[in-house]
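Asks: Sequence and predicted structure, then a few things I'm wondering about:
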Amino acid sequence: MADADEQWMRLLRELFGDDAEAALDQMRHMGMDPSALAQASGMSNAPGIMDHMLSQIRALISQSQGEDVNWTLAHDVARGVAAQGVDPMISAAQAREYRTAVSEAELWLDAATDFDPARAQAA
């Protein structure tokens with residue numbers, strides 16, 4: 001358990017700085033077991049996973065303001081998926097379902113938030 005707690009503390013310190021201990025305490029108070037989370041995520045068996053996760057979080061956080069899309073991150077993720085040899089193609093029916101879901105989500109978000117509507121057309 002100590003190792004899992006250390007891994008979570010490292011992640012939480014990276015994200016929350018001085019508030020990391022309070023975040024971990026809150027996780028425990030909500031019934032979350034850091035050891036179980038680490039084991040379920042694979043972190044307990046693969047220490048390099050934490051470094052990779054932290055680098056991804058840093059990349060997300062460092063996204064420059066004013067850009068709608070972090071193209072560098074999108075490119076890196078796409079290359080990672082392509083390198084896995086996975087065929088991410090979806091069927092025409094799935095594409096329709098996804099477009100419908102995005103359209104419905106946009107309608108709800110437009111009514112529920114003060115954010116401007118998305119400028120990009122859903123693919």
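Replies: Thanks, I have the structure now.

Asks: from here on, contacts and neighbour counts on C-alpha atoms
Replies: OK.

Asks: With just CA atoms, put stretch 96-115 into CSV.
Replies: Only the C-alpha atoms of stretch 96-115 are listed here, as CSV (Å, rounded to 0.1, in the frame of the first residue of the first chain):
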residue,chain,number,x,y,z
ARG,A,96,-24.1,8.8,-37.3
GLU,A,97,-24.5,7.9,-33.7
TYR,A,98,-21.5,9.9,-32.6
ARG,A,99,-22.6,12.9,-34.7
THR,A,100,-26.0,12.7,-33.1
ALA,A,101,-24.6,12.5,-29.6
VAL,A,102,-22.3,15.4,-30.2
SER,A,103,-25.1,17.5,-31.6
GLU,A,104,-27.3,16.7,-28.6
ALA,A,105,-24.5,17.5,-26.2
GLU,A,106,-23.9,20.8,-28.0
LEU,A,107,-27.6,21.7,-27.6
TRP,A,108,-27.5,21.0,-23.9
LEU,A,109,-24.2,22.7,-23.4
ASP,A,110,-25.4,25.8,-25.3
ALA,A,111,-28.4,26.1,-23.0
ALA,A,112,-26.6,25.1,-19.8
THR,A,113,-23.3,27.1,-20.1
ASP,A,114,-22.0,30.5,-21.0
PHE,A,115,-19.4,29.1,-23.3
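
Asks: average model confidence for it?
Replies: If you average the pLDDT over stretch 96-115, you get 84.

Asks: Which parts of this structure are helices?
Replies: For the chain, the helices defined by DSSP state H occupy 2-16, 20-29, 34-41, 47-61, 71-83, 92-112.

Asks: With mean neighbour count and distance to Arg119 added, can I get those in JSON lines?
Replies: Shown next, in JSON lines, are those (neighbours: other CA atoms under 10 Å; distance: least, CA to CA, whole Å):
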{"stretch": "helix 2-16", "mean neighbour count": "16", "distance to Arg119": "30"}
{"stretch": "helix 20-29", "mean neighbour count": "14", "distance to Arg119": "35"}
{"stretch": "helix 34-41", "mean neighbour count": "16", "distance to Arg119": "35"}
{"stretch": "helix 47-61", "mean neighbour count": "13", "distance to Arg119": "20"}
{"stretch": "helix 71-83", "mean neighbour count": "12", "distance to Arg119": "16"}
{"stretch": "helix 92-112", "mean neighbour count": "12", "distance to Arg119": "11"}
